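Peer 1: output the structure for:
(one chain, ligands or ions: 1)
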Amino acid sequence: MSSLETQAGGIGGSNPPAAGTFIPAGYDKRLMIASGRASLDLGTRIAERLGVGLTDAGLKTFSDGEMYCRYRDSIRGADLFIVQSTCGSASEGLTVNDALMELLVMVHAAKHASAHRIIAVTPWYGYSRQDKKSAPREPISARLVAELLETAGIDRLVTMDLHAGQVQGFFSRPVDHMTAMPILTQYVQDRLGTENLVIIAPDAGRAKLARKFAQKVGAPYALLEKERPAHQVAQTGYVIGDVQGKIAVILDDIINTGGTLGAAAQAVMDEGAKEVYAVATHGVFSGEAFATLGRSPLAGIVVTDTVPLRDGAPDTITVLTCADTLTDSVRRIFTDDSVSEIFQGENQLF
Ligand code: R5P
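Peer 2: The predicted structure follows:
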């Protein structure tokens with residue numbers, strides 16, 4: 001059984017129960033970590049850092065595509081953290097929707113197995129870009145996912161660099177919002193220095209984030225004008241700000257088809273930038289993304305491991321782990337300590 005005793009002593013530890021209750025002396029809270037198959041590597045990294053084994057969730061896909069979960073150990077009374085980004089995994093043969101359904105059945109199984117608290121650790125929240133109606137008769141799918149997770153039985157959600165802050169408001173349960181910004185700013189400072197740098201927001205939606213990132217690394221920022229003439233098609237117009245002769249770093253939350261970054265990188269090079277790089281939290285890289293980015297002038301792309309990197313990635317892509325940040329969050333949630341302290345209160349970047 002995977003468990004970690006709370007340092008605070010837990011129920012029956014430093015706070016012994018009143019006489020007459022039926023809580024056995026020495027009873028302690030238990031921390032358990034399970035991982036869905038879309039996030040096995042990340043879940044393993046978090047469990048290792050916590051010094052616990054991954055709880056075997058007995059996951060499988062039936063021949064008709066239905067998902068199955070049966071925890072191999074008792075989880076009664078435990079705080080169960082389920083690590084699963086709702087992304088596809090080519091190596092596991094999972095689509096985005098498989099990963100989502102797998103997470104839902106894992107949560108539901110835990111609820112009916114009497115876990116004390118069930119926490120979904122979903123650093124990449126699939127469907128997060130469908131956070132409003134942009135046209136008549138569209139769904140608000142990010143809200144639907146929130147409702148599904150709550151119906152399944154989560155007590156809280158840990159996520160990272162949401163596409164938009166309002167997704168937090170789709171939940172009635174607490175949402176702990178993590179950010180990879182400290183990891184990415186540190187990397188940029190270490191590898192590219194701070195001289196002659198300019199941080200680029202690829203569209204208006206990222207302007208605030210780019211400004212904060214630029215302040216952290218001590219550089220100016222510029223903004224690109226982007227249009228989406230159709231779903232999954234990005235057109236970059238002009239650059240607002242000075243990029244002439246500079247090392248440009250484009251900052252985004254997600255790289256999906258690579259269309260946004262490819263067009264943005266070309267636009268800043270056309271405006272006279274010396275070199276162009278990209279950093280983003282979530283590297284989804286769907287469809288022809290590797291080829292699209294390979295044709296672009298990007299000299300380097302940095303993402304985190306919120307989404308597993310598919311085979312065939314060009315060597316310009318670097319993956320940094322966000323496991324330390326997530327591990328710290330898990331530990332603090334388990335012990336009821338402040339999570340925002342990890343980021344000195346700067347984890348709401350919207
Ligand atoms: C858009 O608002 C997002 O921040 C990303 O720029 C976008 O989702 C990236 O998608 P793609 O790589 O397909 O252009």
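Peer 1: what pLDDT does Leu149 get?
Peer 2: Looking at Leu149, its pLDDT stands at 98.
Peer 1: buried set for the helix or strand containing it?
Peer 2: Leu149 is part of helix 141-152 when elements are defined by DSSP states H and E. For helix 141-152, the neighbour count (16 or more other CB atoms under 10 Å) marks 142-143, 145-146, 148-150, 152 as buried. C-beta coordinates here come from the backbone N, C-alpha and C atoms, glycine included.
Peer 1: isn't Ser35 up against Val83?
Peer 2: Yes. Between Ser35 and Val83 there is a contact under CB atoms under 8 Å: 4.5 Å.
Peer 1: between those two, what contacts are shared?
Peer 2: 42-43 (CB atoms under 8 Å, 6 or more residues apart in numbering).
Peer 1: out of the two, name the residue with the larger neighbour count.
Peer 2: It is Val83, of Ser35 and Val83, that has more neighbours when counted by other CB atoms under 10 Å, with 30 against 25.
Peer 1: and the closest residue to the more buried one other than its chain neighbours, how far is that from Asp324?
Peer 2: Once flanking residues are discounted, Val83 sits nearest to Gly43: 3.7 Å by CB to CB, 6 or more residues apart in numbering. Gly43 sits at a distance of 14 Å from Asp324 (criterion: CB to CB, to the nearest Å).
Peer 1: ok, the residue nearest to Val83 to the ligand distance?
Peer 2: Going from Gly43 to the ligand by CB to the nearest ligand atom, to the nearest Å gives 25 Å.
Peer 1: so what's that residue up against?
Peer 2: 33-36, 54, 83-84.
Peer 1: touching the lowest-mean-pLDDT helix or strand in the chain from outside, list them.
Peer 2: Least confident helix or strand of the chain, by mean pLDDT, DSSP states H and E, is strand 233-240 with a mean of 82. Residues outside strand 233-240 that contact it (CB under 8 Å, 6+ apart): 200, 202, 222-229, 257, 259-260, 262-264, 266-268, 271.
Peer 1: check those against the ligand, which are close?
Peer 2: Filtering the contacts of strand 233-240 for proximity to the ligand by CB under 6 Å from any ligand atom leaves 202, 257, 259-260.
Peer 1: and the residue nearest to the spatial centre of the chain, its phi and psi?
Peer 2: With distances taken as CA atoms, centre = their mean, Pro123 lies nearest the centre of the chain, 2.3 Å away. The phi/psi pair for Pro123 (degrees, to the nearest 10) reads phi -60, psi -40.
Peer 1: would the helix holding Leu149 count as contacting the ligand?
Peer 2: No. Helix 141-152 is not in contact with the ligand by CB under 6 Å from any ligand atom; minimum separation 13.0 Å.
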